[in-house]
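Participant: 3D, please:
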Amino acid sequence: MKFLIVLLVVAFGIWLWRSRRPPPPARPRGRAGQPAEMARCAACGLHLPLADAERSARGVYCSKEHRRQIEG
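Facilitator: The predicted structure is shown next:
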């Protein structure tokens with residue numbers, strides 16, 4: 001019986017302590033940004049953002065070296 005009373009007092013103390021704490025700050029719910037459109041290098045198959053790719057009439061490349069390698 002004594003154990004039950006001690007347990008109830010401890011549980012009440014924890015509840016009282018937790019109820020007096022300020023609520024945690026709200027997390028932002030929006031997305032960080034739009035996903036980047038990806039492209040595949042015609043020479044090596046590496047996927048990279050289209051904004052970073054080397055483009056030509058024959059395809060998309062990850063670097064100038066790969067573009068020269070394929071196009072001559």
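
Participant: does the residue nearest the centre of the chain count as helix, strand or coil?
Facilitator: Among the residues of the chain, the one closest to the centroid is Ala32, at 8.4 Å (C-alpha atoms, centre = their mean). Counting by DSSP: H, G, I helix; E, B strand; the rest coil, the backbone at Ala32 sits in coil.

Participant: how near is it to Ala42?
Facilitator: 30 Å (C-beta to C-beta, to the nearest Å). Quick note: C-beta positions are derived from backbone N, CA and C, even for glycine.

Participant: so Tyr40 sits right up against Ala53, yeah?
Facilitator: That one is not Tyr; residue 40 is Arg. No - applying C-beta atoms under 8 Å, one finds Arg40 not in contact with Ala53, separated by 9.1 Å.

Participant: neighbour-wise, which of the two wins?
Facilitator: Ala53 (21 against 15; other C-beta atoms under 10 Å).

Participant: Could you verify my assumption that that one touches Ala39?
Facilitator: Yes - with contact defined as C-beta under 8 Å, Ala53 counts as touching Ala39 (4.8 Å).

Participant: per-residue confidence at the residue nearest to the centre of the chain?
Facilitator: Predicted confidence (pLDDT) at Ala32: the value is 72.

Participant: Kindly report the same for Arg27.
Facilitator: Per-residue confidence (pLDDT) for Arg27: 83.

Participant: all strands in the protein, in order from the N-terminus.
Facilitator: 38-40, 47-49, 54-55, 60-61 (DSSP state E).

Participant: Please tell me how far Ala36 sits from Gly30.
Facilitator: Distance from Ala36 to Gly30, counting by C-beta to C-beta: 18 Å.

Participant: Neighbour count: the two, which is higher?
Facilitator: Neighbour count, other C-beta under 10 Å: between Ala36 and Gly30, Ala36 has more, with 11 against 5.

Participant: Can you get me a residue count around the nearest residue to that one once chain neighbours are set aside?
Facilitator: Once flanking residues are discounted, Ala36 sits nearest to Pro49: 4.1 Å by C-beta to C-beta, 6 or more residues apart in numbering. Using other C-beta under 10 Å, Pro49 has 11 neighbouring residues.
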